[in-house]
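[1] The amino acid sequence is not available; the structure is as follows:
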Ligand code: BGC
């Protein structure tokens, strides 16, 4: 027995003896053994705070710093986790197990990492994190829900909770208990490539919807299964100011908002923390030139102080290094001191460990700060039940993902997210009594397009990025397949990728939109329709067949010049795996109820000047099926 172990045993001996119910404490060696097996931190009956305190008291500085880092799965082994006492591992977008992309591949991979953690001196489990941002989107076969912008249009709190709990169950089915979701930005500039990750431009609506999702993911803080069983830990992100940057730049600088105005955007965090959110991810963006990863005021004084947040603060992926570019040491120093607890340093994690050790030894980072960080990380791990159930629940793994009940929730979300913006002569809903329908556009029959970014890969089924066949990226129902299913036996449905052959049909459903993208790859200066879509629209228009246009996009786009040609216009957003939800409202099985959660601009000047006075459609606009579409609320 090492000196430290012996000292710890003596230190905690009295309490431990009292806790050793039913154990016969006969000899010294048996005594020690009994004490070792029921160290307070391993005793699930003790309060979390007591367990944290006990465990912290046993840890060396090396072990503490190891807990503070989160490497990416590709740059770490189970052996590393054991040797360095690593606290957490992540899969970045599209970082899949080497053996395959089934729940068992994931659970086996995560369990293998976990076995390394449990073999470490104190056996502290890792917490494995992933971006399950619209369902468990990296995993083939998962239910893929509409991206958040669509859920903002649906505006249904009960639905949000059910989406959260279905997502959590699917995440757990892969042995993972931590998701980096939801985004709580209320984007003010739709040029931002992450606009679709926001529920609404209104921070109040964002707070409401985000908190409901958090409750679904984590369970209720008052219940015994909070964060446990089939629940997961949620990370609300990105604190704070993403969506407010100049020009909508991803990872950009916020200059046009006063401190007072920024407070409005802190509110969603406050609300979600009240609902139980246990981790907060810091934004890449800066406020007036100060990177938030190094912002002591925002992280320590506001988040941990004023907001009373007691969980852990996680950095974004290599986010701390942006504080002082090319000065790793200074960046880490400022970030630890600002209050970041867990460092998502995908590759350079060994350097993080040596650097932080050195910073502590020189006194540039205090031991108290390290203790605060580790206390918070351990607290969430205990709450997450990781010490009791570190490995995947194999029953859940067997149960699998993408089950019909979850897909039914996703389909409900799709139909509730559709926003009807124009409906000339009540062309919608379509009748099921023998119409001859023409569906046009490759985007009508593509899982990749309708799921958007963060699906299987980081960028989604974008041909430019992954060379993936976007059509069959994930299992599910495309919009075209949904139309065929829902329209009934009397309807005739023809399809054309490029819009040729529309002549002679009763009506055309034309699907246009953005290709998949994520993060900065979606930043745009111009939100006009793509030329390929304009060509498609013109071809169908030339046939004289009435047009119903579905726009599949991560944000409003500029359609002012084209909309006059359309009989109906629907904002479909990025519906995910259950395209039949679109058909449900087109054919009147359900009413259109979605409402815009973002202002729909008339032109790019309005976007660039944040001019929301006379938009094409105001926030909150959305027709019911039985309403004829006037062009705009404001005109
Ligand atoms: C994104 C985060 C995400 C992280 C891990 C970053 O690039 O900004 O939202 O959680 O990657 O994949």
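    Nice, I can see it. This structure is a prediction, so every number in the text was calculated from the model and none was measured.

[2] quick one: contacts for the closest residue to the ligand within the stretch 351-500 of the chain?
    Going by C-beta to the nearest ligand atom, the ligand is nearest to residue 458 of the stretch 351-500 of the chain, at 7.4 Å. Glycine gets a C-beta too; all of them are placed from N, C-alpha and C. With contact taken as C-beta atoms under 8 Å, 6 or more residues apart in numbering, residue 458 is in contact with 92-94, 465, 518-519.

[3] And for residue 59?
    Per C-beta under 8 Å, 6+ apart, neighbours of residue 59: 67, 122, 374.

[4] Quick check: the gap between the residue of the stretch 351-500 of the chain closest to the ligand and residue 522.
    11 Å (C-beta to C-beta, to the nearest Å).

[5] ditto for residue 305
    34 Å.

[6] what about the two, which has more around it?
    residue 522 (25 against 12; other C-beta atoms under 10 Å).

[7] Show me where the stretch 351-500 of the chain dips below the pLDDT cut-off.
    Along the stretch 351-500 of the chain, the model assigns pLDDT under 70 to residues 462-470.

[8] Apply 80 and report the result again.
    462-471 (pLDDT under 80).

[9] ranges for the strands of it?
    419-423, 436-440, 492-496 (DSSP state E, counting those that start in this stretch).

[10] Out of these, which one sits most buried?
    Most buried of those, by mean neighbour count (mean count of other C-beta atoms under 10 Å): strand 419-423, with a mean of 25.

[11] and it, how far out from the chain's middle?
    28 Å (C-alpha atoms, centre = their mean, to the nearest Å).

[12] Which of the three states applies to the residue in the stretch 201-350 of the chain that the ligand sits nearest to?
    Per C-beta to the nearest ligand atom, the residue of the stretch 201-350 of the chain with the smallest distance to the ligand is residue 317, at 3.8 Å. Look at residue 317: counting by DSSP: H, G, I helix; E, B strand; the rest coil, its state is coil.

[13] list the contacts for it?
    By C-beta under 8 Å, 6+ apart, the neighbours of residue 317 are 92, 344, 346.

[14] tally of neighbours for the closest residue to the last one other than its chain neighbours?
    Right, the one you point to is residue 346. With C-beta to C-beta, 6 or more residues apart in numbering as the criterion, residue 346 has its nearest non-adjacent residue at 3.5 Å, and that residue is residue 72. By other C-beta under 10 Å, 18 other residues sit near residue 72.

[15] can you check the one 10 residues further on too?
    In terms of burial, residue 82 registers 18 neighbours under the definition other C-beta under 10 Å.

[16] That one: which element?
    helix 78-84 (DSSP states H and E).

[17] quick one, helices of the stretch 401-550 of the chain?
    Per DSSP state H, counting those that start in this stretch, the stretch 401-550 of the chain carries helices over the ranges 404-417, 447-451, 463-466, 479-486, 531-542.

[18] Just tell me which of the ones you listed ends up closest to residue 288.
    When the helices of the stretch 401-550 of the chain are compared by C-beta to C-beta, helix 463-466 sits nearest residue 288, at 33.0 Å.

[19] So residue 262, which state does it fall into?
    helix.

[20] Need the per-residue pLDDT for it.
    Note for residue 262: predicted pLDDT of 97.

[21] what's the answer for residue 39, then?
    On the pLDDT scale, residue 39 gets 97.

[22] That one: neighbour count?
    Counted with other C-beta under 10 Å, residue 39 comes out at 20.

[23] do the same with residue 442
    Using other C-beta under 10 Å, residue 442 is surrounded by 18 other residues.

[24] repeat for residue 603
    Residue neighbour count, defined by other C-beta under 10 Å, stands at 15 for residue 603.

[25] That one reaches residue 558, doesn't it?
    Yes: applying C-beta atoms under 8 Å, one finds residue 603 in contact with residue 558, separated by 6.0 Å.

[26] Report how many residues lie close to the residue of the stretch 501-635 of the chain found nearest the ligand.
    Proximity of the stretch 501-635 of the chain to the ligand (C-beta to the nearest ligand atom) peaks at residue 519, 5.8 Å away. Around residue 519 there are 19 other residues, counting by other C-beta under 10 Å.

[27] residues contacting it?
    193-194, 250, 453, 458.

[28] 7 Å instead, please
    By C-beta atoms under 7 Å, 6 or more residues apart in numbering, the contact set of residue 519 is 193-194, 250.

[29] what does residue 91 give?
    Residue 91 sits next to 73, 130, 138 when contact means C-beta under 7 Å, 6+ apart.

[30] The ligand contacts on the chain?
    When proximity is defined by C-beta under 6 Å from any ligand atom, the chain lies next to the ligand at 92-93, 131, 180, 237, 316-317, 519.

[31] Mark which of those residues are part of strands, please.
    residue 237 (DSSP state E).

[32] could the residues of the chain next to the ligand go into CSV alongside pLDDT?
    As requested, the residues of the chain next to the ligand are exported to CSV (pLDDT from 0 to 100):
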residue, pLDDT
92, 98
93, 96
131, 98
180, 99
237, 98
316, 98
317, 98
519, 98
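
[33] Which of the contacts of residue 519 has the largest number of neighbours?
    Neighbour-wise, those (other C-beta under 10 Å) top out at residue 194, 27 neighbours.

[34] Hmm, that residue is touching residue 250, no?
    Yes: if you go by C-beta atoms under 7 Å, residue 194 and residue 250 touch, sitting 6.3 Å apart.

[35] Test for you: state the pLDDT assigned to the residue positioned nearest the centre of the chain.
    In the chain, the centroid-proximal residue (C-alpha atoms, centre = their mean) is residue 133; its distance is 2.6 Å. We have a pLDDT of 98 for residue 133.

[36] Now it: closest residue in space that isn't a chain neighbour?
    Nearest one to residue 133, counting by C-beta to C-beta, 6+ apart, is residue 181 at 4.6 Å.

[37] mind listing what that neighbour touches?
    Per C-beta under 7 Å, 6+ apart, neighbours of residue 181: 131-133, 234-235.

[38] re earlier: most neighbours, which of the contacts of residue 317?
    So for these (other C-beta under 10 Å), the most neighbours sit at residue 344, 25 neighbours.

[39] for it, what are its contacts?
    Going by C-beta under 7 Å, 6+ apart, residue 344 touches 70, 90, 314-317, 319.

[40] And the furthest pair within these?
    Among those, 90 and 319 lie farthest apart (C-beta to C-beta), at 12.8 Å.

[41] rewinding a little: just put the strands of the stretch 351-500 of the chain in CSV and tack on distance to residue 333.
    Below are the strands of the stretch 351-500 of the chain laid out as CSV (distance: least, C-beta to C-beta, whole Å):
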stretch, distance to residue 333
strand 419-423, 48
strand 436-440, 57
strand 492-496, 59
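
[42] Which one of these lies nearest to residue 160?
    It's strand 419-423; of the strands of the stretch 351-500 of the chain, that one is closest to residue 160 (C-beta to C-beta) at 17.3 Å.

[43] Packing partners of that closest one?
    strand 568-571 (3 or more C-beta pairs under 7 Å, 6 or more residues apart in numbering; DSSP states H and E).

[44] Show me what secondary structure element comes after the strand it packs on.
    Next along the chain from strand 568-571, counting by DSSP H and E, comes helix 580-586.

[45] re earlier: wait, the residue nearest to the centre of the chain sits on residue 454?
    Yes: under the contact definition of C-beta under 7 Å, residue 133 touches residue 454, with a separation of 5.1 Å.

[46] Run a quick neighbour tally on residue 310.
    13.

[47] Phi, psi for it please.
    phi -110, psi 0 (degrees, to the nearest 10).

[48] tell me the contacts of it?
    residue 379.

[49] can you pull the pLDDT of it?
    Confidence score, pLDDT, at residue 310: 98.

[50] And for residue 512?
    pLDDT, read off for residue 512, is 98.
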